[in-house]
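K.L.:
Structure of the sequence below:
(one chain, ligands or ions: 1)
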Amino acid sequence: MIMARVCWLCEKEVADGTPLKNDVVIRFIREMKRKVGILKGNELVVCSEHLAKYAEKRKKFERNLVLYATVGVLIAIGLPVLPLVAGAPFEPMTICFSVLLGGMVLALSILNYVPALETGEEKGA
Ligand SMILES: [Zn+2]
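P.N.:
A predicted model of the protein is given here:
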């Protein structure tokens, strides 16, 4: 099967570009797409025209991810601990609920996921 090279930003077929890392999130998204039958099987790259724009998006995503991760962890840890500090009895359900909520916050950040480049050099643009 010959895969088309498609720019991740402009979604156009390009002759050349920097490949995106096929990481766990990308693989997950592709698996989901394959399941619902909309996977095109293209190779994802960033064309030279959009490298600068990509780097900007990636930077923003990384900042957001740190924020979401912090909030997620704070919820997952803070929610079960706070009532205990206040003297309430230990409630196992609170832990389940908190971890779920924290996970949901993390999942939100995946919605605007910006994958890394294969080469790992994001400052090059
Ligand atoms: Zn492009």
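
K.L.:
so who does residue 18 touch?
P.N.:
Residues near residue 18 by Cβ atoms under 8 Å, 6 or more residues apart in numbering: 45, 46, 48, 51, 117, 118, 119. Every C-beta, even on glycine, is put in place using the N, C-alpha and C of the backbone.

K.L.:
Look at residue 19 and give its secondary structure.
P.N.:
The local conformation at residue 19, judged by DSSP: H, G, I helix; E, B strand; the rest coil, is strand.

K.L.:
Not counting sequence-adjacent ones, nearest residue to it?
P.N.:
residue 118 (4.2 Å; Cβ to Cβ, 6 or more residues apart in numbering).

K.L.:
what separates the one you found from residue 45, distance-wise?
P.N.:
Separation of residue 118 from residue 45 (Cβ to Cβ, to the nearest Å) stands at 9 Å.

K.L.:
out of these two, which sits in the more crowded spot?
P.N.:
residue 45 (22 against 15; other Cβ atoms under 10 Å).

K.L.:
Let's verify the more buried one: helix, strand, or coil?
P.N.:
Residue 45 is classified as strand under three-state DSSP.

K.L.:
ok, it touching residue 15?
P.N.:
No: in this structure, residue 45 is not within contact of residue 15 by Cβ atoms under 8 Å, at 9.9 Å.

K.L.:
what's the span of stretch 88-97, first residue to last?
P.N.:
By Cα to Cα, to the nearest Å, the extent of stretch 88-97 from end to end equals 16 Å.
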